[in-house]
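> sequence-free structure coming up:
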């Protein structure tokens with residue numbers, strides 16, 4: 001059999017204790033924010049040091065279908081193509097300059 005507190009004051013005290021246990025302390029909030037910032041900065045640093053001038057190619061869904069996107073960091077230009085064949089043609093022209 002479960003026993004319940006005899007009055008509402010005891011329930012209120014228990015509720016506050018549980019809320020305090022569940023809520024992160026100010027130092028935990030700072031630690032979480034710092035961790036998030038460091039994680040973001042670390043990802044950016046790894047990306048900046050390893051990617052260099054590599055092309056980035058991805059597909060993007062639109063209402064008309066998929067579009068091929070290419071970002072060229074050497075020119076700082078983003079190109080869009082309707083097909084993979086068009087991307088290949090552009091790549092061949094780019095490397096045969």
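Nice, I can see it. Quick caveat, the model's predicted, so the values are computed rather than measured.
> could you use CA atoms for every contact and neighbour count after this?
OK.
> residue contacts, the most centrally placed residue in the chain?
Among the residues of the chain, residue 40 comes closest to the average C-alpha position under C-alpha atoms, centre = their mean, at 8.7 Å. Shown here is residue 40, which makes no contacts under the criterion C-alpha atoms under 8 Å, 6 or more residues apart in numbering.
> what residues of the helix or strand hosting it count as buried?
Remark: residue 40 resides in helix 26-51, with elements defined by DSSP states H and E. When burial is assessed from 16 or more other C-alpha atoms under 10 Å, helix 26-51 yields no buried residues.
> stretch 80-92 too?
Buried-residue list, stretch 80-92, by 16+ other C-alpha under 10 Å: 80, 81, 87.
> where does the first one fall, phi/psi-wise?
Just to be clear, that refers to residue 80. Note on residue 80: its backbone torsions stand at phi -120, psi 140 [degrees, to the nearest 10].
> from residue 94, how far off is the residue nearest to it when sequence neighbours are not counted?
Using C-alpha to C-alpha, 6 or more residues apart in numbering and skipping the chain neighbours, the partner closest in space to residue 80 is residue 69 (4.6 Å). Distance of residue 69 to residue 94, given as C-alpha to C-alpha, to the nearest Å: 15 Å.
> the two - which one has more neighbours?
A count of neighbours by other C-alpha atoms under 10 Å puts residue 69 above the other of residue 69 and residue 94, at 19 against 9.
> how far off centre is the helix or strand that one falls within?
Element membership of residue 69 [criterion: DSSP H and E] is strand 65-72. In this view, strand 65-72 has its centroid 20 Å away from the chain centroid, taken as C-alpha atoms, centre = their mean, to the nearest Å.
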